[in-house]
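Peer 1: Let me see the structure of the following:
(2 chains)
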Amino acid sequence: MEILERLFNVALIVATLRTTAPILLVALGGSFTTRAGIFNIGLEGQMLLGAFFAVIGTIFSGSPWIGLLCGVAAALALAFIFALLVVTFRANEVVVGLALNILAGGMTVSLLKAIFGTRGSIFGHGLVGLPVVRIPFAKEMGWFGQLISGYTPLVYVAFFAVPLFILFYNRTKLGLYIRVVGEKPEAAEALGISIAKIRYTASLLCGVLAGLAGAHLSLGYTTMFTENMSSGRGFMAVAILIFSAGDPKRILAGCLLFGFSDALSLRLQTFGVSSYLVLAVPYLVALVALFALSYRARPRIIQETLASMGRALQVKPQSAVEPPALAREP
Amino acid sequence: MNDRISALSGQALAIMIALALGAMVILAVSESPLKVFLTLMDGAFGNPERIAGTLLQTTPILICGVAACISLRGGLFNIGIEGQLFMGGFAATWVGFSFEMPPVLHVLAGLGFAAFAGLAWVAVPAFFRARYQTNEVVSTILANYVAVLITSYLTINIFKRAGGAPDTPPILESAYLPQLFSFSRANWGLVIGLLLAVGAHLFFTRTARGYAVTEMGANPKFAEYGGIDIKKQTFFLLLVSGAVGGLAGGIESLGVHHRFMEGFAPGFGFDGVIAALLANGNPLGTIITALFFGALRSGSLLLEVDTTASREIITVIQALIILAVSAQILVRRRAADSSAGERRWKF
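Peer 2: Down below sits the predicted model:
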């Protein structure tokens, strides 16, 4: 019992929320491209480049907020190249995504050496992280205060983004357009929606969130940049996106599962379990979830999307883009 | 024939564009592109030792490239070759230091177990890809991370000698894969790699099954109507690809390192995938692209000594080449305006 008490307490939930935030941000970004019908394996590279330039921007400007903008801009640039090749030149998305990941990996290490003359990681050099948010009166609220206060800003952004995403996909024109383009491109064409424009938009929006995720890694989650510091989070996000089909609620559930397994396994380390095995846990959870859910989820999602698109298309083309037809959807 | 020439010149143009972009990146990290280029050439081909060094680097890239070709031909992405290489490398090392056997048999046993380890490592993703269409790109990438961590765990926590360096015991001399030259660690693995490339080429062009899986890669629907068992062939191709990936690791450990340690083979699996993509999934073409990447890698070792640039600059160049090629072929394809029957993975 004592062991269980040491394992499961408020601190574990806090740790879960912390470890969930970066992967949630990047997975939400990926939901844009997933829903627009693009398989975006390049999330990893966008996140890594975002993390790197967030650090560079902070060091040269002295402000982590300007660093954050630099990180987002860098990820956005990579997302633009992705969209240019995949949408305009119709290159294979897996090939382009992988190449951009490799590009990001090589570039960050090369620039690290060129600018700082070191390998491995950078910290210090006047690097400051994003300020911690202290919610007033949180101290008086006991364990609940502990739960809601004391995170860096992007943790709040990640979790508050989830309901916004649900609204976005169900209540806004752009959200609906993205879904139509992804699920029934022919229907999108019939409605006069430019598939290319929507896919560019989705890719760039994805870049913004991946950049934020990267900036959170290097300025919030830690205050340093390390070679390859995204360490597969982008790929785990892709796994989540596959079995969630880009649905924000399922993305949140999937990310919490990873956050929890991450936090729990880090705690197991204090019980003398080898750190190598502990580090492997999140990847194994991702694999098991991917295998277990991809079969079960797939046919249902196809059915659902066909049903919802059928409903959307029964209405006249002009009114089909209005929310009511889809607002009832779960 | 005309098509082929224009395709080749297009490929060459893409590589030129990529190199030009690479030169700009090199300028950005404040080095002279010419100096970097000359250093790379000198490091790769400057003297017999360096040429042998290039061959040493080419070997794993070539074998991993053949592994990638095998899956790409069937329209499948085995991105997990890096992980299969780690598993194979560890498996061969384990056979190498745990058992006493006569020389040739020991090498064969080590390589055989390496191939089996690679096959076993890809078996679960392969099964789910074949049976439930579970995306193999993601599952094999995630499996890479697990493979690296598990082999590290086995090396450090199980087999490390107390107080010793963080690596396994060395393999017995009977398990050494013979070297090609007296002055370099380049070994017979290169010959195995060349044979595998030729063998894969013959398999795809001369056998019924090879034709069937190529058909499957080109157009799965059509292949299915043609009576090809897609699930079975998918499973088979991924297993073979994984076995070759494992073999690459076995050759690295029995031929080069003679032990297993952390950071055993950084990035050879990914280089192999890129080499195969650049060769458009052609095993014979992969020989050339693997040599190219092997030379870059070997040259980059000198780069780190002689210039301020980091050796990772070559991964930037490799990525730029792939991006340029992926865009360029499409310009041609758009002109032809036919995407029917194209392979799923084709740029």
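Peer 1: use CA for all of it now, contacts and neighbours both
Peer 2: OK.
Peer 1: Would you tell me which residues of the stretch 151-300 of chain A are close to chain B?
Peer 2: A:232, A:235-236, A:238-239, A:274, A:276-277, A:279-280, A:283-284, A:286-287, A:290-291, A:294-295 (CA under 8 Å from any CA of the partner chain).
Peer 1: same question for stretch B:267-281, mean pLDDT?
Peer 2: Confidence over stretch B:267-281 (mean pLDDT, whole number) is 91.
Peer 1: Same question for stretch A:238-245.
Peer 2: Stretch A:238-245 comes out at a mean pLDDT of 90.
Peer 1: Name the residues of it that are buried.
Peer 2: For stretch A:238-245, burial by neighbour count (16 or more other CA atoms under 10 Å in any protein chain shown) applies to A:238, A:239, A:240, A:241, A:242, A:243, A:244, A:245.
Peer 1: next one: stretch B:257-270
Peer 2: B:257, B:258, B:259, B:260, B:261, B:262, B:264, B:265, B:267, B:268, B:269, B:270.
Peer 1: now, which of those residues sits nearest chain A?
Peer 2: residue B:270 (8.8 Å; CA to the nearest CA).
Peer 1: residue contacts, the closest one?
Peer 2: The contact partners of residue B:270, by CA atoms under 8 Å, 6 or more residues apart in numbering or on different chains, come to B:79, B:81, B:82.
Peer 1: residues near the last one, how many?
Peer 2: So the one you mean is residue B:82. When neighbours are counted by other CA atoms under 10 Å in any protein chain shown, residue B:82 registers 33.
Peer 1: Please give the element, helix or strand, for the residue nearest to it when sequence neighbours are not counted.
Peer 2: Spatially, and ignoring its direct neighbours in sequence, residue B:82 is nearest to residue B:269 (4.0 Å; CA to CA, 6 or more residues apart in numbering or on different chains). If you go by DSSP states H and E, residue B:269 is part of helix B:268-278.
Peer 1: So which bits of that helix are buried?
Peer 2: Applying 16+ other CA under 10 Å to helix B:268-278 flags B:268, B:269, B:270, B:271, B:272, B:273, B:274, B:275, B:276, B:277, B:278 as buried.
Peer 1: quick one: the helices in chain B?
Peer 2: Here chain B has its helices, by DSSP state H, at B:2-28, B:33-45, B:48-73, B:81-98, B:103-132, B:136-153, B:189-206, B:208-218, B:220-225, B:230-251, B:268-278, B:283-306, B:313-336.
Peer 1: And the fourth one, what's buried?
Peer 2: What that stands for is helix B:81-98. Residues of helix B:81-98 classed as buried: B:81-97 (neighbour count, 16+ other CA under 10 Å).
Peer 1: got it, and the shortest one?
Peer 2: For helix B:220-225, the neighbour count (16+ other CA under 10 Å) marks B:220, B:223 as buried.
Peer 1: Please name every helix or strand in contact with that helix.
Peer 2: Identification of packing neighbours for helix B:220-225 by 3 or more CA pairs under 8 Å, 6 or more residues apart in numbering or on different chains; DSSP states H and E yields helix B:208-218, helix B:230-251.
Peer 1: Compare those helices and give me the one nearest residue A:203.
Peer 2: Closest to residue A:203 of the helices and strands packed on helix B:220-225, according to CA to CA: helix B:208-218, at 27.7 Å.
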